[in-house]
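Enquirer: sequence plus predicted model, see below.
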Amino acid sequence: MQETIPQRELNDGLKVPAIGLGTYSLRGAEGAKAIAGAIDIGYRLLDSAFNYENEGALGQAVRLSSVPREELRLCSKLPGRRHAYKEALLTVEESLYRSGLDYYDLYLIHWPNPKRDRYVEAWQALIEAKKRGHVRSIGVCNFLPEHLDRLVAETGDAPSLNQVELHPLFQQPEQRAKDAELGIVTESWSPLGRDHDLAGLEPIRSIAEQVGKTPTQVVLRWHVQLGALPIPKAGSAEHQRENLAIFDFELSAQQMEAIGTLHRPDGWLWGQGPAEYEEF
């Protein structure tokens, strides 16, 4: 199945698959087994974080798998409490030690934490970590347009990727436009809406019947055609396979527009935007 997954090229030249696996809550031996199983099924982009406390499970999954390390794209994230320059660099090193990896393909700032106002300092640390060979590509999560503009203005370097909440009930048109303007790939966390019952919503349910796919597959295909890169979390092999099987059909313009009508300005899962939320 892996050979059917298209590749996206980031602004620094790194190529990543058009869909990845979210690993939030996949920890310990069972988590490592689930992640290794996903690799064997065909996943190559695997998203973790320092705060998920599963970088060790990610590294173990790589060792359990028969897929060569260089074929994988492994990601982790810098927590909000570690934005100070020296702390950020040490945290990247600790992420490597936890996982037993020599490098990460992607490393992201998890939240901007604008009230603390040290995200530019954290970004400068990631630029240095990339120069040292600890990471191949650097990006951010939950950064609003003004945060991105400031990074570029003060450092000259745009992130390769911005991971944001994105699903049919919260479609982030302004954010996606800013990302595109700066050459940044928009990556979707909680692409299936987590606590929202997207599968039961019209028009998603009727579109699934029309194209002969599950509602989950319709939503993930919508992300891909929107130009976003979804990273759905799935622990079971059944759901992992279902989520990958989205590259053998297309949604029509009318079907995309129908899903577009589901957008709500207050569709945040958290009930607040990244400007207010502080992550530790």
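Expert: The structure has been received and is ready for your questions.
Enquirer: secondary structure class for Asn162?
Expert: strand (DSSP: H, G, I helix; E, B strand; the rest coil).
Enquirer: and it, how many neighbours?
Expert: For Asn162, the neighbour count with other Cβ atoms under 10 Å is 27. C-betas here are computed from N, CA, C, even on glycine.
Enquirer: phi first, then psi, for Arg73.
Expert: For Arg73, the backbone dihedrals (degrees, to the nearest 10) come out as phi -120, psi 100.
Enquirer: my bad, Leu126
Expert: Per-residue torsions, Leu126: phi -70, psi -30 (degrees, to the nearest 10).
Enquirer: need the contact list for Glu174.
Expert: Each residue near Glu174 by Cβ atoms under 8 Å, 6 or more residues apart in numbering is listed here: Pro145.
Enquirer: doesn't it fall inside a helix?
Expert: Yes. Using three-state DSSP, the assignment for Glu174 is a helix.
Enquirer: what's the spacing between it and Ala180?
Expert: According to Cβ to Cβ, to the nearest Å, Glu174 and Ala180 sit 11 Å apart.
Enquirer: likewise Ala88?
Expert: Using Cβ to Cβ, one obtains 27 Å as the distance from Ala88 to Ala180.
Enquirer: so which of these two has more stuff around it?
Expert: Ala88 (23 against 12).
Enquirer: and the more buried one, what element?
Expert: Using DSSP states H and E, Ala88 sits in helix 85-99.
Enquirer: how near is the residue lying farthest from the centre of the chain to Phe247?
Expert: Ranked by distance from the centre of the chain (Cα atoms, centre = their mean), the top residue is Gln210, with 28.8 Å. Noted for Gln210: a distance of 18 Å to Phe247, by Cβ to Cβ.
Enquirer: got it, and Arg132?
Expert: Taken as Cβ to Cβ, the span from Arg132 to Phe247 is 36 Å.
Enquirer: so the two - more neighbours on which side?
Expert: Counted by other Cβ under 10 Å, Arg132 and Phe247 do not tie: Phe247 has more neighbours, with 15 against 11.
Enquirer: report the contact partners of the more buried one.
Expert: 4-6, 18, 224.
Enquirer: for the closest residue to the residue farthest from the centre of the chain other than its chain neighbours, what are its contacts?
Expert: Among residues not flanking Gln210 along the chain, Gln255 sits closest, at 7.5 Å (Cβ to Cβ, 6 or more residues apart in numbering). By Cβ under 8 Å, 6+ apart, the residues touching Gln255 are 203, 207, 210-211.
Enquirer: now do the same for Gln255: helix, strand or coil?
Expert: Going by three-state DSSP: Gln255 is helix.
Enquirer: gap between it and His263?
Expert: Counting by Cβ to Cβ, the gap from Gln255 to His263 is 15 Å.
Enquirer: just Val218 next, same as before
Expert: Distance from Val218 to His263, counting by Cβ to Cβ: 16 Å.
Enquirer: which of those two has more neighbours?
Expert: Each of Val218 and His263 has its neighbours counted (other Cβ under 10 Å); Val218 has more, 26 against 14.
Enquirer: starting at the chain centroid, how far to the strand or helix carrying Leu148?
Expert: Take DSSP H and E as the rule and Leu148 turns out to sit in helix 145-155. Its chain's C-alpha centre and that of helix 145-155 lie 20 Å apart, by Cα atoms, centre = their mean, to the nearest Å.
Enquirer: check contacts around Ser25.
Expert: For Ser25, the contacting residues are 31, 52, 54, 233, 235, by Cβ under 8 Å, 6+ apart.
Enquirer: pull the most distant pair out of the residues you listed.
Expert: Greatest spacing in the contacts of Ser25, by Cβ to Cβ: Tyr52 and Gly235 (13.3 Å).
Enquirer: in terms of neighbours, single out the busier of the two.
Expert: Neighbour tally, Tyr52 and Gly235, criterion other Cβ under 10 Å: the higher count belongs to Tyr52, 21 against 18.
Enquirer: returning to that earlier point: neighbour-wise, which of the contacts of Phe247 leads?
Expert: Val224 (21 neighbours).
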